[in-house]
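Participant: what's the 3D shape of this:
(one chain, ligands or ions: 2)
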Amino acid sequence: MSHNETSGLHLDEYRRYGRQMILDNFGLPGQLKLQQASVVVVGAGGLGCPALQYLAAAGVGRLGIVDHDKVEISNLARQILHSEETVGMYKSISAGQSIRKLNSRIKIDVIIEALHSSNAVSLLQSYDIILDCTDNAPTRYLLSDTAVRLGKPLVSGAAQKYEGQLCVYNFGVDGPCYRCLFPKPPAIENTGTCEETGILGPVTGIIGNMQALETIKIIVGLHDQKASMFLFSAISVPAYRAVKLRSRRKTCSACGEEDAKIGTIEETDYVAFCGGQRPNWEERGLIDDKPGFRAKVKSLKDDIDANGNVCVIDVRSPTEFGICNLPGSRNVPLYQLTANPALYLPEEKTSRIYVVCRLGNDSQIAADALRSVESDIMIQDVVGGLRAWSEQVDSKFPIY
Ligand SMILES: Nc1ncnc2c1ncn2[C@@H]1O[C@H](COP(=O)(O)OP(=O)(O)OP(=O)(O)O)[C@@H](O)[C@H]1O
Ligand SMILES: [Zn+2]
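Facilitator: Ligands and ions are numbered 1, 2, ... in the order given. Here you go, the predicted model:
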């Protein structure tokens, strides 16, 4: 294939990209800007897949894909670069393969790593634009702080249930960062994952596509550089809303004036900032260090096998407890337990209490509450809950 020396595009690429190149204010210069641009997409899930797909198709010259997770069958309803054949494969590899088939000219960096405060700057610094396609609060703050530190725009997407949001942070003369808008992390109860709250695939498709669109606009120079937040709700009329945003906050601890500043990214504990650990963050490799307060399902099983009767408190609702439960476990719904934890300490002598729920989040709250009234007994929540029990210990235990 011949290369057009004067323009920098291959001859076949005129045909390939012609439909976008003939647009007003796009032209050959726009296409060349895309070709020379580098974009890193953090998270190759519901948002990352469509974003990557359109960026690759449009001819962005270099794409980085950061994700440490593997493809699961439950991802296929929305994470459209993965397929039945790539279940079990690392998402970065699976997504990389898909977009490679779509566009063999572009450079693709497959990065199988979780973004932590220790590696964020080094992994992201060589790209022009950063896309936040992740799903958890610590990573959102980490990405925003890193974008501020590196002086790069952050195209951030979020989607849950029937709703989605899109915003470009740290862009333009005085565009705000994520911390300007959300100085405090969301309450822990409001940070559920798609697994917990549900999500409709096309909603992530819309937001992920818009992330690609905003990115292309920034690269080509079509973006008005005014800060706004785009809100989508599939079941509202109208479905779309945009809110103008104020400029950078002078007192912002990340992008504001010197004296209000947070410490370095490397020194910041983003998980602690977001209110402490959620078991699924640990399970999903988002946390480096592990506290002594939790038990893996396998150690609960070993304890039951060795000692027969162990003390297990199940904090799900009675209805859920009625669907399935661990033999010998005692049902104390979360709200009841947290209202008066002392009431639910075991009468018989025991050295250890396990607290379990469906997915391993409520149990952590309950274990904290029990610890606040009892310090002699080892109180542990069961990481991953009954879901993990079914997946790792007893495949006949129902998953619902
Ligand atoms: N710190 C991080 N570093 C790298 N990738 C991350 C980080 N945090 C989240 N991700 C990735 O972002 C993606 C988010 O996508 P999404 O929520 O659609 O997927 P999921 O977590 O597989 O879904 P589900 O909640 O249904 O299990 C995941 O693939 C996840 O691994
Ligand atoms: Zn800020």
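
Participant: contacts and neighbour counts: CA atoms only from here.
Facilitator: Will do.

Participant: From residue 194, how far off is residue 72?
Facilitator: 13 Å (C-alpha to C-alpha, to the nearest Å).

Participant: Ok, residue 26 next?
Facilitator: 37 Å.

Participant: of those two, who's got more company?
Facilitator: residue 26 (17 against 14; other C-alpha atoms under 10 Å).

Participant: From what I see, the more buried one and residue 20 are in contact.
Facilitator: Yes: between residue 26 and residue 20 there is a contact under C-alpha atoms under 8 Å: 7.1 Å.

Participant: Any residues of the chain in contact with ligand 2? List them.
Facilitator: With the criterion set to C-alpha under 5 Å from the ion, the chain comes near ligand 2 through 177, 179-180, 252, 255.

Participant: What pLDDT does the model give the residue of the stretch 251-400 of the chain found nearest ligand 1?
Facilitator: The nearest approach of the stretch 251-400 of the chain to ligand 1 comes at residue 286, 5.5 Å away (C-alpha to the nearest ligand atom). At residue 286, the model reports a pLDDT of 73.

Participant: From ligand 1, how far off is the closest residue to it other than its chain neighbours?
Facilitator: Once flanking residues are discounted, residue 286 sits nearest to residue 114: 6.5 Å by C-alpha to C-alpha, 6 or more residues apart in numbering. Here residue 114 is placed at a distance of 3 Å from ligand 1 (C-alpha to the nearest ligand atom, to the nearest Å).

Participant: and residue 114, what is it in contact with?
Facilitator: 66-68, 285-286 (C-alpha atoms under 8 Å, 6 or more residues apart in numbering).

Participant: Kindly report the same for residue 307.
Facilitator: By C-alpha under 8 Å, 6+ apart, no residues touch residue 307.

Participant: quick one, phi/psi of it?
Facilitator: Backbone torsions of residue 307, given as degrees, to the nearest 10, read phi -120, psi 0.

Participant: quick one: it from residue 11, how far?
Facilitator: 73 Å.

Participant: ditto for residue 126
Facilitator: For residue 126, the distance to residue 11 - C-alpha to C-alpha - is 29 Å.

Participant: Equivalent analysis for residue 146, please.
Facilitator: Residue 146 is 38 Å from residue 11, by C-alpha to C-alpha.

Participant: ok, the two, which is more surrounded?
Facilitator: Between residue 146 and residue 11, counted using other C-alpha under 10 Å, the more crowded position is residue 146 (24 against 14).

Participant: list the contacts for that one?
Facilitator: Counting by C-alpha under 8 Å, 6+ apart, residue 146 has contacts 120-121, 265.

Participant: now those in TSV, with neighbour count?
Facilitator: Listed next are the contacts of residue 146 as TSV, based on neighbours: other C-alpha atoms under 10 Å:
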residue	neighbour count
120	19
121	20
265	21
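
Participant: what about the helices in the stretch 151-300 of the chain?
Facilitator: 178-181, 194-197, 201-220, 270-273, 279-283, 297-307 (DSSP state H, counting those that start in this stretch).

Participant: The ones you listed: lowest mean pLDDT?
Facilitator: helix 279-283 (a mean of 69).

Participant: Turn the helices of the stretch 151-300 of the chain into TSV, including distance to residue 390.
Facilitator: TSV is the format used below for these (distance: least, C-alpha to C-alpha, whole Å):
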stretch	distance to residue 390
helix 178-181	38
helix 194-197	16
helix 201-220	26
helix 270-273	27
helix 279-283	15
helix 297-307	9
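
Participant: Can you tell me which of those is packed in deepest?
Facilitator: With neighbours defined as mean count of other C-alpha atoms under 10 Å, the helices of the stretch 151-300 of the chain peak in mean count at helix 201-220, which reaches a mean of 23.

Participant: How about residues contacting that helix?
Facilitator: 26, 29-31, 33-34, 37, 46-52, 54-55, 77-79, 129, 131, 133, 155-159, 162-166, 168, 223, 234.

Participant: These in strands, which ones?
Facilitator: The strands, defined by DSSP state E, take in 129, 131, 155-159, 163-166, 168 from these.

Participant: which of the residues you listed are buried?
Facilitator: The neighbour count (16 or more other C-alpha atoms under 10 Å) marks 129, 131, 155-159, 163-166, 168 as buried among the ones in strands among the contacts of helix 201-220.

Participant: Now render these as TSV, adding distance to residue 59 and pLDDT.
Facilitator: As requested, these are exported to TSV (distance: C-alpha to C-alpha, whole Å; pLDDT from 0 to 100):
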residue	distance to residue 59	pLDDT
129	15	98
131	16	98
155	18	98
156	21	98
157	21	98
158	24	97
159	26	97
163	29	97
164	26	97
165	25	97
166	22	98
168	21	98
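
Participant: Can you check the distance spanned by stretch 121-136, start to finish?
Facilitator: 18 Å.

Participant: what about it, near ligand 1?
Facilitator: Yes: judged by C-alpha under 6 Å from any ligand atom, stretch 121-136 comes into contact with ligand 1 through 133-135.

Participant: Buried ones in that stretch, by neighbour count?
Facilitator: 121, 123-125, 127-136.

Participant: Strands along the chain, start to end?
Facilitator: 38-42, 62-66, 107-111, 129-132, 154-160, 163-169, 228-233, 240-244, 294-295, 311-314, 330-331, 352-356, 378-382.

Participant: on contacts alone, who are the packing partners of the second one?
Facilitator: With contacts defined as 3 or more C-alpha pairs under 8 Å, 6 or more residues apart in numbering; DSSP states H and E, the packing partners of strand 62-66 are strand 38-42, helix 91-102, strand 107-111.

Participant: Keeping just the C-alphas, turn the last one into CSV.
Facilitator: Once side chains and other backbone atoms are set aside, the C-alpha atoms of strand 107-111 remain, and they are given as CSV (Å, rounded to 0.1, in the frame of the first residue of the first chain):
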residue,chain,number,x,y,z
LYS,A,107,-0.7,1.1,17.6
ILE,A,108,-2.4,-0.7,20.5
ASP,A,109,-0.8,-1.0,24.0
VAL,A,110,-2.3,-3.8,26.1
ILE,A,111,-1.7,-3.1,29.8
